[in-house]
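*Asks:* Quick one: sequence and predicted model below, then my questions.
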Amino acid sequence: MQLAQIGATQTAVESAAQQLGVSAIGVSVEEPSPAEYRRLSAALDEQKPDPMAVTYGFGTGIVQLAAQHRLPAIYPARGYVDIGGLMAYGSDRTETARQCANDVHQILGGIKPGEIPIYQATKFELVINLKTANSLGLYLNCCSPAPTNHRMSQGKLPYAPPMTVSHSTLSLL
């Protein structure tokens, strides 16, 4: 099951990359071990990608690797950004957890699992770590209410509090 899901994700990433006219390089981490991260680091040195999209990973190790190689990276969950990753986009984990709890409640109440509708996330969040963006020398003009001349003169993005945008959340850390 896990391998099938990874294969489907890789196919989707490759398809999107082709449509955008960029290349996608697939490298996976089998276990969160120092040897595995050395192997991945060597692969990144060899292939020299510009950005990195992490679909699965092991938290701190993958974030540190992206920082070591000075790669802008996008992750599947906010937790990566909370520990220093650049950005994450994915379904709102709180909403998903509530739905799971509701499903368990229904099953314990006697409803057959097959009678419960399949849940599809409707709320997503984009989280950007401005400190990491600054350390990578990235200019993100969409993420700050400050005047353009302030951003340009300082060379850094000013702090902006988290804000919500319609059904998706844009958080700036």
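*Replies:* Alright, I've got the coordinates.

*Asks:* pLDDT weak spots in this protein?
*Replies:* Applying pLDDT under 70 to the chain flags the ranges 1-7, 57, 142-173.

*Asks:* switch to 80 and redo it
*Replies:* Within the chain, the ranges that satisfy pLDDT under 80 run 1-10, 13-14, 22-32, 50, 55-59, 139-173.

*Asks:* Can you show me the helices along it?
*Replies:* 2-20, 34-47, 60-68, 78-82, 93-108, 130-135, 148-154 (DSSP state H).

*Asks:* which one of those lies closest to S28?
*Replies:* helix 2-20 (7.2 Å; CB to CB). C-beta coordinates here come from the backbone N, C-alpha and C atoms, glycine included.

*Asks:* which residue is nearest the middle of this protein?
*Replies:* Centroid check for the chain by CA atoms, centre = their mean gives Y75 as the closest residue, at 1.9 Å.

*Asks:* Surely that one touches V54?
*Replies:* Yes: here Y75 reaches V54: they are 4.8 Å apart, a contact under CB atoms under 8 Å.

*Asks:* right, so the helices of the chain: which one is the most enclosed?
*Replies:* Burial of the helices of the chain is given as mean neighbour count (mean count of other CB atoms under 10 Å); helix 78-82 ranks first at a mean of 20.

*Asks:* now it: how far from the chain's centre is it?
*Replies:* 8 Å (CA atoms, centre = their mean, to the nearest Å).
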